[in-house]
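**Student:** Provided below are the primary sequence and the corresponding predicted coordinates.
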Amino acid sequence: MAPAVLIQNLKKCYGKVEAVKDVSFQIQPGEIFGLLGPNGAGKTTTLRCLCSLATPDEGRIEVSEVSVRDHPKAARQLLGYIAQEVALDKVLTGRELLQLQAALYHLPGKTIPQQIERVLDLLDLQSWADSKTGTYSGGIRKRLDLAAGLLHKPAVLVLDEPTVGLDIESRVVIWNFLRQLRDRGTTLLLTSHYLEEIDALADRVAIIDQGLVIAEGSPSDLKNQVGGDRVTLKIREFTPDQEAQQAQAMTTALPFVQDVIINPAQGNSLNMVVSNSGDALVNIQTALKEAGLPIFSIAQARPSLDDVYLAATGRTLLDAEMAAAGSRDLKKERKQNMR
């Protein structure tokens, strides 16, 4: 069976900035595929190239064997795209906005009322259909945006950060709806920097960092590949370098400890991988006490997708987000100083 989406060796630059360096993955029909990574990793650029909203510098992109580069109009007919930012005309009602969207899709006039009713029912929007979109909550706005993207019955639905900024109740509503779409045969590609969102929804996931795919597989397989349980240890709230290095050397010598990384972004905390041992915490605390080192906090957990990212890059997704935010702030400050 041909993949619903095929991307091979995608590359996209904006001036001297390599937004996407080399991204490749395939999505099978009827699955939810997640792109996970920090802001600035290249997720949105990848989606924009797939949806023919940006022209790649290199690479092969296909939707159900239709080349996006050679036949963009035909490829767009197979795609529904839900952007990160919801852009609704506040003076239109939900129904009027869907009528406008249907006209832009060039849907046959006789089928438009039926299609609009279908998506309104699908997303439980009948109660808001004739109210102006300017009165909608964030969750209802996102649901109307989804309805607009589904009007033409796309084979592949592409969603960029589908629940960003929503409260947990609205996020759960969207999650359940996306699962229903998958069960009805729609293929979904979504980006997110929410670990729990990708873990909860994706059948398979590709983790992107600095324009490269650094890991790919099912969430459970990726977590199993990084080994045993995770222990996060802080000697002090802000541990001096010397004490952190002493604790790293001491814990590395313990037979059940597989790896120890010092995380400077989190006050020189120690991130450990330990064999699945029920007494790991007790043994670590005993060893630290014997070495004369205090414990500010210690916790043990099963591997997560953040651990997959940490193992591949040496930093957590939160660290990457903070670094990206700091870089953006620095660039902004430089521009202001140049004026």
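**Tutor:** Perfect, I can see it now. Residues are numbered from 1 along each chain as shown.

**Student:** Pairing partners for the most centrally placed residue in the chain in the sheet, please.
**Tutor:** By CA atoms, centre = their mean, the mean C-alpha position of the chain lies nearest to residue 192, the distance being 1.9 Å. Residues in a beta bridge with residue 192, per DSSP bridges, are residue 36.

**Student:** wait, it sits on residue 33?
**Tutor:** No. Counting by CB atoms under 8 Å, residue 192 stays clear of residue 33, with 11.5 Å between them. In short, each C-beta sits where N, CA and C put it, glycine included.

**Student:** What segments of the stretch 201-339 of the chain are strands?
**Tutor:** 204-209, 212-217, 229-234, 257-263, 269-274, 297-301 (DSSP state E, counting those that start in this stretch).

**Student:** any chance of these in TSV, with mean neighbour count too?
**Tutor:** Supplementary listing: these in TSV, determined by neighbours: other CB atoms under 10 Å:
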stretch	mean neighbour count
strand 204-209	23
strand 212-217	18
strand 229-234	20
strand 257-263	17
strand 269-274	22
strand 297-301	13
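
**Student:** Go through the ones you listed and name the closest to residue 159.
**Tutor:** strand 204-209 (14.1 Å; CB to CB).

**Student:** From the geometric centre of this protein, which residue sits farthest away?
**Tutor:** Per CA atoms, centre = their mean, the residue of the chain sitting farthest from its centre is residue 290 (42.8 Å).

**Student:** low-scoring stretches of the stretch 151-300 of the chain, by residue?
**Tutor:** 276-277 (pLDDT under 70).

**Student:** Mind doing that once more with 90?
**Tutor:** Counting by pLDDT under 90, the stretch 151-300 of the chain shows low-confidence ranges at 162-171, 173, 192-196, 223-230, 259, 265, 273, 275-280.

**Student:** residue boundaries of the helices in it?
**Tutor:** 168-183, 195-201, 219-225, 241-252, 280-290 (DSSP state H, counting those that start in this stretch).

**Student:** contacts for stretch 66-82?
**Tutor:** 47, 49-53, 55-56, 60-64, 145-146, 149-150, 152, 154-160, 162 (CB atoms under 8 Å, 6 or more residues apart in numbering).

**Student:** Could you identify the buried members of those residues?
**Tutor:** 47, 49-52, 56, 61-64, 145-146, 149-150, 152, 154-160, 162 (16 or more other CB atoms under 10 Å).

**Student:** What's the separation between the spatially closest residue to residue 137 that is not a sequence neighbour and residue 282?
**Tutor:** Nearest non-adjacent residue to residue 137, counting by CB to CB, 6 or more residues apart in numbering: residue 170, 7.7 Å away. Separation of residue 170 from residue 282 (CB to CB, to the nearest Å) stands at 42 Å.

**Student:** Good, wrapping up.
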